[in-house]
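Asks: Here is the input, now give the coordinates:
(chains A, B, C and D)
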2 protein chains.
Amino acid sequence: MSEKTGGELPRTLELLWGRSGRRARGPAQALSLDRIVTTAIAIADTEGLAALSMARLAERLGCATMSLYRHVANKHELWTFMLDAAPGPPPKIAPRPADWRAELHRWAVELTGVYRRHPWILQMTAAGTPPLDPGQLAWLDAGLRALGGTALRPREKMSVLLLVLHYVRGDTQLSTNDPGAAPGQDDPEGRPYGELLARLIDERFPALTEALNDGVFDEADTEDPSADFTFGLDRILDGVEKLVLDRGAHPAAG
Amino acid sequence: MSEKTGGELPRTLELLWGRSGRRARGPAQALSLDRIVTTAIAIADTEGLAALSMARLAERLGCATMSLYRHVANKHELWTFMLDAAPGPPPKIAPRPADWRAELHRWAVELTGVYRRHPWILQMTAAGTPPLDPGQLAWLDAGLRALGGTALRPREKMSVLLLVLHYVRGDTQLSTNDPGAAPGQDDPEGRPYGELLARLIDERFPALTEALNDGVFDEADTEDPSADFTFGLDRILDGVEKLVLDRGAHPAAG
DNA sequence: ACGCTCGGCGTATGCCCTACGCAGTAACCG
DNA sequence: CGGTTACTGCGTAGGGCATACGCCGAGCGT
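Replies: I've put the predicted structure just below:
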């Protein structure tokens, strides 16, 4: 491959893509980037993102706080590494699957599992910059592959995938109760949401009142907890299917 | 209306719903909750959520830091008040509009404006608890009203609205560059995303490579910056429309 | 006029991230 | 084999953060 144009890549990207030159001059390192990132993920998983401080992390690793900074430039870089490592490999999807709908559905469901196992990902990525690490990009690539067999235009494929991604993220965020996320929670969430809502809203919220009376916020009567997720996902895929059929009749024009 | 069952509401909810008993014993208050919340929103809007500290806020208000705590229990409660006040009134939507699709579209577009004006909302609500304040509930009610004329089941209406909400939030988050969000940014985002991506991905990312070569990540060739948003929204509404027509033929069966 | 209540604020504590510099170690080189 | 050098671990310190606690003074109710 030819050398790409431009200057040097930032240190963080070099490390993420494994282009760091290994050197061995000083003592054998008792710490490693992998061990740091893995332990950081474990803390965030079990105790919430707010409990992940450099001091706590060092304590868990049995080293001094400042030792971490030999391997990680700052906390933001640690977060970047966590976002790269936590998702794990995406589902294997053929480049141009015949049944794009089943594959995209599978991709969405598996991604739900990622966010459920690591709810802090949704808090980290709220800051906004699009991903540049191989971990997240592999998931993006897998999702795009699901649409590879369709006649959608390239930009349409990306928009569709982002649409599904946004839905997965939003639904998981709403259905996940991250216990250690907000330590100063004074809202007693012990009472169910519908009960609190019933005591607050009045006739100025007619649509909410109607939904409340229809038992929308009651949690007991749901047979399958993922039923709501599947419902919304099917609506999205219905809309996409309409477009795919449309583009299939008239081949992509640009 | 009859008194609802249960004990007392938490202080935060009492204040949000304007049920706080006014008292006047001590000196006239130079500070007010409204002034505090308004100024906090102004700081978050212009300098980012990370720049909003109690000390900065007090400095802007010309008072001592600890004075704020006479009006706000803690910073989390301040966030709650900000989330209530920032959205402003939702668009007026009739209880059972004839053209639900146009109304829901309007709702989504206006909500986009809210998130664009106050990007920090997306960072705050990443913590997860569903809203209990009148400000956010008014938006929810307005969105539900748009679907009031359809034959969708109650739970389906809510799912559809949340689907649109998730998409609006996700799309706005991706298209917004909050400058003051992450102060420790070492990724030089001066270079465009597509250029960085081109230097990183290889043949292990075939779908991304294809998208890149097709110019999906080039930013110059877009005629309308909101075209991508409208595209995804239309796909959602297509899928919902299919369901609405289906439910219209066979009236809701519970 | 007195006392009670309440709003404003100064001080202090404990946590956080991290800049800086020192010491020890092991590969490399002559 | 001894010096050089690069690299790892870490102790200290500084600035920022949220906030617990208690004091002061102002004004309303009696």
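
Asks: Buried ones in the helix or strand A:Glu210 falls within, by neighbour count?
Replies: Here A:Glu210, judged by DSSP states H and E, is contained in helix A:206-213. Neighbour counts over helix A:206-213 (16 or more other CB atoms under 10 Å in any protein chain shown) mark A:Ala207, A:Leu208, A:Thr209, A:Glu210, A:Ala211, A:Leu212 as buried. Every C-beta, even on glycine, is put in place using the N, C-alpha and C of the backbone.

Asks: give the contact list for the residue nearest to the second one when sequence neighbours are not counted.
Replies: Put plainly, it is A:Leu208. Closest residue in space to A:Leu208, ignoring its immediate chain neighbours: B:Asp141 at 4.8 Å, by CB to CB, 6 or more residues apart in numbering or on different chains. Contact analysis of B:Asp141 by CB atoms under 8 Å, 6 or more residues apart in numbering or on different chains lists A:Arg204, A:Phe205, A:Pro206, A:Ala207, A:Leu208, B:Pro90.

Asks: farthest-separated two in the residues you listed?
Replies: Farthest apart among the contacts of B:Asp141 by CB to CB are A:Pro206 and B:Pro90. That separation is 13.3 Å.

Asks: now the helices: where do they sit in the stretch 1-150 of chain A?
Replies: Taking DSSP state H, counting those that start in this stretch as the criterion, the stretch 1-150 of chain A contains helices spanning A:11-16, A:33-47, A:54-61, A:75-85, A:100-117, A:120-124, A:134-146.

Asks: for the longest one, packing partners?
Replies: Helices and strands touching helix A:100-117, as assessed by 3 or more CB pairs under 8 Å, 6 or more residues apart in numbering or on different chains; DSSP states H and E, comprise helix A:120-124, helix A:134-146, helix A:154-175, helix A:227-249.

Asks: the inter-axis angle of that helix versus helix A:227-249?
Replies: Compare the direction of helix A:100-117 with that of helix A:227-249 by axes from the mean of the first three to the mean of the last three CA atoms, to 10 degrees and you get 150 degrees.

Asks: Kindly export helix A:100-117 (C-alpha atoms) in CSV.
Replies: C-alpha atoms of helix A:100-117 as CSV (Å, rounded to 0.1, in the frame of the first residue of the first chain):
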residue,chain,number,x,y,z
TRP,A,100,-30.2,-7.8,5.0
ARG,A,101,-33.1,-7.4,7.4
ALA,A,102,-32.2,-10.5,9.5
GLU,A,103,-28.6,-9.5,9.6
LEU,A,104,-29.2,-6.0,10.6
HIS,A,105,-31.6,-7.2,13.2
ARG,A,106,-29.0,-9.5,14.6
TRP,A,107,-26.4,-6.7,14.6
ALA,A,108,-28.8,-4.5,16.6
VAL,A,109,-29.6,-7.1,19.2
GLU,A,110,-26.0,-8.0,19.7
LEU,A,111,-25.1,-4.3,20.1
THR,A,112,-27.8,-4.1,22.8
GLY,A,113,-25.8,-6.7,24.7
VAL,A,114,-22.7,-4.5,24.5
TYR,A,115,-24.4,-1.5,26.0
ARG,A,116,-26.1,-3.6,28.6
ARG,A,117,-22.8,-5.0,29.7
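
Asks: For the closest residue to DNA strand D within chain A, give its distance to chain B.
Replies: In chain A, the residue that lies nearest DNA strand D is A:Gly26 (2.4 Å; CB to the nearest atom of the strand). Distance, A:Gly26 to chain B, by CB to the nearest CB, to the nearest Å: 25 Å.

Asks: which ones are touching the nearest residue to A:Met158 once chain neighbours are set aside?
Replies: With sequence-adjacent residues excluded and distances taken as CB to CB, 6+ apart, A:Met158 is closest to B:Val216, at 5.1 Å. B:Val216 is in contact with A:Pro154, A:Arg155, A:Lys157, A:Met158, B:Gly194, counting by CB under 8 Å, 6+ apart.

Asks: Equivalent analysis for A:Leu68, please.
Replies: Contact analysis of A:Leu68 by CB under 8 Å, 6+ apart lists A:Leu31, A:Ile36, A:Met54, A:Leu57, A:Ala58, A:Leu61, A:Leu78.

Asks: Swap in 7 Å and give it another go.
Replies: Listed by CB atoms under 7 Å, 6 or more residues apart in numbering or on different chains, the contact partners of A:Leu68 are A:Ile36, A:Met54, A:Leu57, A:Ala58.

Asks: Same question for A:Leu31.
Replies: For A:Leu31, the contacting residues are A:Leu61, A:Cys63, A:Ser67, A:His71, by CB under 7 Å, 6+ apart.

Asks: Name the nearest of the contacts of B:Asp141 relative to DNA strand C.
Replies: A:Arg204 (27.6 Å).

Asks: Read off the pLDDT value for that closest one.
Replies: A:Arg204 is assigned 97 on the pLDDT scale.

Asks: So it versus chain B, what's the distance?
Replies: Distance, A:Arg204 to chain B, by CB to the nearest CB: 8 Å.

Asks: Then A:Gly170?
Replies: Note on A:Gly170: its distance to chain B, by CB to the nearest CB, is 3 Å.

Asks: Kindly report the same for A:Arg19.
Replies: Relative to chain B, A:Arg19 is positioned 10 Å away (CB to the nearest CB).

Asks: same deal with A:Arg235?
Replies: Look at A:Arg235 and chain B: by CB to the nearest CB, they are 4 Å apart.

Asks: contacting residues around the residue lying closest to that residue once chain neighbours are set aside?
Replies: Counting by CB to CB, 6+ apart, A:Arg235 lies nearest to B:Gly239, which is 4.0 Å off, once chain neighbours are set aside. Going by CB under 7 Å, 6+ apart, B:Gly239 touches A:Arg235, A:Ile236, A:Asp238, A:Gly239.

Asks: any idea which of these is closest to B:Pro10?
Replies: Nearest to B:Pro10 out of the contacts of B:Gly239 is A:Arg235 (CB to CB; 35.7 Å).

Asks: can you list the domains in chain A?
Replies: Domain ranges of chain A: A:29-85, A:100-180+A:222-249, per automatic domain parsing.

Asks: tell me the most buried of the ones you listed?
Replies: Compared across those, domain A:100-180+A:222-249 shows the largest average neighbour count, a mean of 19 (mean count of other CB atoms under 10 Å in any protein chain shown).

Asks: what residues does the stretch 1-150 of chain A put near chain B?
Replies: A:4, A:6, A:9-10, A:12-13, A:17, A:73-74, A:76-77, A:95, A:122-123, A:126-130, A:132, A:137, A:140-141, A:144-145, A:148 (CB under 7 Å from any CB of the partner chain).

Asks: Check those residues one by one and keep those near DNA strand C.
Replies: Checking the residues of the stretch 1-150 of chain A next to chain B against DNA strand C by CB under 7 Å from any atom of the strand, the ones in range are A:Asn74, A:His76.
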